[in-house]
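>>> Sequence and predicted structure are below.
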Amino acid sequence: NAGVTQTPKFRVLKTGQSMTLLCAQDMNHEYMYWYRQDPGMGLRLIHYSVGEGTTAKGEVPDGYNVSRLKKQNFLLGLESAAPSQTSVYFCASLGLAALGTQYFGPGTRLTVL
Amino acid sequence: AQTVTQSQPEMSVQEAETVTLSCTYDTSENNYYLFWYKQPPSRQMILVIRQEAYKQQNATENRFSVNFQKAAKSFSLKISDSQLGDTAMYFCAFIYNFNKFYFGSGTKLNVKP
């Protein structure tokens, strides 16, 4: 099992450009999450999904959109990147039997110039 | 609103000694989960230990144990026999209802030889 994978691992964007981050999990987990991590701070929840075809806003959703067309994939989109979105992005998944334990991907470092 | 506070931005410990990282949280909920995650320089988020709020017994995983004080809303992590590989950022996390996740700002632990 690969667990949770993220694509790409690094990306540099110019202000105003768009991009999509891909998260994939092979554990058949129901829940998936996108977080951002900024220096000196813990992870903050951007959006999450409780199942295929459903998404919901987290703590810091502005400037991001998500989609979950397949159970194993969760996409995070930036329509018009801003320097404030420079961060490390983590995806995580959680199974209903896992007693709240999330499994994290390796992270994507995004720089917006 | 739920919050998680880690009051020690950085700590140091000698190899083989014991260190305790503190975490307090604020919530009005009764059933929730608490976690400690480790983030080494590779930036991968690694689960260290989990505590279910309905359990009075403190969780233990090998050299890692917690002191869970529900009434005081305190959740400290004790690392015994510290090893060089324990050097990392440690995050305390509070999880409720699988869609409310809050992380502390982290404690950087340095294990010195």
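Looks like it arrived, so ask away. Residues are numbered from 1 along each chain as shown, chains lettered A, B, ... in the order given.

>>> neighbours of the closest residue to chain A within chain B, just the number please.
Taking C-beta to the nearest C-beta, chain A has its nearest neighbour within chain B at B:F103, 3.1 Å off. C-beta: built from backbone N, CA, C; applies to glycine. Burial measure for B:F103: 22 neighbouring residues, criterion other C-beta atoms under 10 Å in any protein chain shown.

>>> Where in chain B is the helix or strand with the lowest mean pLDDT?
Sorting the helices and strands of chain B by mean pLDDT, DSSP states H and E puts strand B:100-103 at the bottom, at a mean of 88.

>>> who does the following helix or strand past that strand touch, helix- and strand-wise?
Next helix or strand after strand B:100-103 toward the C-terminus (DSSP states H and E): strand B:107-112. If contacts are counted by 3 or more C-beta pairs under 8 Å, 6 or more residues apart in numbering or on different chains; DSSP states H and E, strand B:107-112 sits against strand B:10-14, strand B:19-21, strand B:88-96.

>>> Give me the buried positions along the shortest one.
What it means is strand B:19-21. B:V19, B:L21 (16 or more other C-beta atoms under 10 Å in any protein chain shown).

>>> That one near chain A at all?
No: Strand B:19-21 is not in contact with chain A by C-beta under 8 Å from any C-beta of the partner chain; minimum separation 13.4 Å.

>>> what does that strand rub up against?
Residues lying outside strand B:19-21 but in contact with it, judged by C-beta atoms under 8 Å, 6 or more residues apart in numbering or on different chains, are B:6, B:8, B:11, B:13, B:36, B:67, B:76-79, B:82, B:90, B:92, B:107, B:109.

>>> Partner strands of that strand and their direction?
Strand B:19-21 sits in its sheet next to strand B:74-79 (antiparallel), going by DSSP bridges.

>>> picking up where we left off before, looking at the helices and strands packed on strand B:107-112, which is closest to B:E52?
Go through the helices and strands packed on strand B:107-112 one by one with C-beta to C-beta and the one that ends up closest to B:E52 is strand B:88-96, at 10.3 Å.

>>> picking that back up, look up how far B:E15 lies from the residue of chain B closest to chain A.
Computed with C-beta to C-beta, to the nearest Å, the distance linking B:F103 and B:E15 is 28 Å.

>>> Same check on A:E30?
Note on A:E30: its distance to B:E15, by C-beta to C-beta, is 42 Å.

>>> Give me the more crowded residue out of the two.
It is A:E30, of A:E30 and B:E15, that has more neighbours when counted by other C-beta under 10 Å, with 17 against 13.

>>> isn't that one right up against A:L94?
Yes: the pair A:E30 / A:L94 is scored as a contact, 7.4 Å apart, by C-beta atoms under 8 Å.

>>> helix/strand/coil for the most far-flung residue of chain A relative to its centre?
Taking C-alpha atoms, centre = their mean as the measure, the residue most remote from the mean C-alpha position of chain A is A:A97, 21.6 Å away. Using DSSP: H, G, I helix; E, B strand; the rest coil, the three-state assignment for A:A97 comes out as helix.

>>> same thing with B:S7?
Under three-state DSSP, B:S7 falls in the coil class.

>>> Spit out the contact partners of the nearest residue to it once chain neighbours are set aside.
Once flanking residues are discounted, B:S7 sits nearest to B:S22: 5.9 Å by C-beta to C-beta, 6 or more residues apart in numbering or on different chains. With contacts defined as C-beta under 8 Å, 6+ apart, the neighbours of B:S22 are B:Q6, B:S7, B:Q8, B:S74, B:S76.

>>> Which pLDDT value goes with B:S22?
The predicted structure scores B:S22 at 98 on the pLDDT scale.
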